[in-house]
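Next input, structure requested:
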Amino acid sequence: MRTVSGQTQAKSTVWKVGELARRTGLSVRTLRYYDEIGLLSPGRRTESGHRLYAADDVVRLQQIRSLRALGFGLEEIRACLGRPDFSARRVIELHLSRLEERIRAQQRLRDLLEIVAARLDPGEEVLAGEFMEMVTEVIEMSERIEKYYTPEQLEQLEERRREVGEERIKEVEAEWPRLMEEVRAEMEAGTDPADERVQRLARRWMGLVREFTGGDPGIQRSLNNMWSQEENIHGMETGPMREIGEYISRAMAASEAGTE
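Now for the predicted structure:
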């Protein structure tokens, strides 16, 4: 390792560990630790062995601090900086990626809180245990959704939610139970799926599905997969729901056959 005299090297181009610590707000102990683990080892030292940090060391330190701010561990940072294609642009891209993840996490949290708030009647006293059960149920539902929908689909659904508006969403949430009861009544009465009464119900059913999915076939497949594989959704057993869905499918098939 090359040594230089502190007197022959301008302070504008090199910094001792204490000077760099003051400029960056890091502790001397942290900088020494980075040196010990080989994460930031200055290329120069004084004749007496004191560390001297040059401009390229400062650039590397800024990269380390940026990655630490992103939540990277020291070993992860070492791996990143060890890549020959790593650059300042890559640091920015990683910043953006992590920020987008945090934004999505905050949006999911907001959605969860809105759902919980909607279940609480104004002025109603809720016991702590009941509240925690409610929160747990909502979180589990969120995890199920993330299991079946891709991140892109979730973004589409969020955009669709904004387009439809909260008022219409509440109307649809109230309409679904009524529609399911009407379909169940026809099914239990043995009404032929080709009957016009069932056909009208099927058209209403598919209209609500399209309103939710925006007509995206991929989102509809994800929706169908969730209802076919989960035993309970929103506190509702999915077995009876699948029977109703099959009845609607037969009605739609009859409608398509009638148009051929």
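
so residue 248 makes contact with residue 207?
No - applying Cβ atoms under 8 Å, one finds residue 248 not in contact with residue 207, separated by 11.7 Å. Placement of C-beta: from N, CA and C, glycine included.

Neighbour count: these two, which is higher?
Neighbours per residue, other Cβ atoms under 10 Å: of residue 248 and residue 207, the larger number sits with residue 248, 23 against 12.

Doesn't that one lie inside a helix?
Yes - per DSSP: H, G, I helix; E, B strand; the rest coil, residue 248 lies within a helix segment.

For residue 211, see how far away it is.
15 Å (Cβ to Cβ, to the nearest Å).

Next: residue 108.
Taking Cβ to Cβ, one finds residue 108 at 22 Å from residue 211.

next one: residue 36
61 Å.

These two - which one has more neighbours?
Taking neighbours as other Cβ under 10 Å, residue 36 and residue 211 compare with residue 211 leading, 15 against 10.

element containing the more buried one, please.
Taking DSSP states H and E as the definition, residue 211 sits inside helix 196-213.

what mean pLDDT would you report for whatever helix or strand comes next after that helix?
Downstream of helix 196-213, the next assigned helix or strand under DSSP H and E is helix 217-229. For helix 217-229, mean pLDDT rounds to 84.

Which strands or helices does helix 217-229 pack on?
helix 128-148, helix 151-164, helix 196-213, helix 238-258 (3 or more Cβ pairs under 8 Å, 6 or more residues apart in numbering; DSSP states H and E).

immediately after it, which helix or strand?
Where DSSP H and E defines the elements, the next helix or strand beyond helix 217-229 is strand 232-233.

Paired strands for that next one, with orientation please.
Next to strand 232-233 in the sheet, as set by DSSP bridges, lie strand 236-237 (antiparallel).

now the strand it pairs with: mean pLDDT?
Mean predicted confidence for strand 236-237 is 72.

and the top helix by length along the chain, how far from the chain's centre?
Secondary structure of the chain per DSSP state H: the longest helix is helix 88-119. Here helix 88-119 shows a centroid-to-chain-centroid distance of 6 Å under the convention Cα atoms, centre = their mean, to the nearest Å.

In that helix, which residues are buried?
Buried residues in helix 88-119, counted by 16 or more other Cβ atoms under 10 Å: 91, 94, 108, 111, 115, 116.

Stretch 172-182 now?
179, 180, 182.

Rebuild the residues you listed as CSV, extending it with pLDDT.
Formatted as CSV, those follow (pLDDT from 0 to 100):
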residue, pLDDT
179, 91
180, 90
182, 94
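
Quick check: of these, which lies closest to residue 197?
Within those, the smallest distance to residue 197 is 8.8 Å, found for residue 182 (Cβ to Cβ).

so which helix or strand takes in the closest one?
helix 166-188.

in terms of contact count, name the helices or strands touching that helix.
helix 196-213, helix 238-258.
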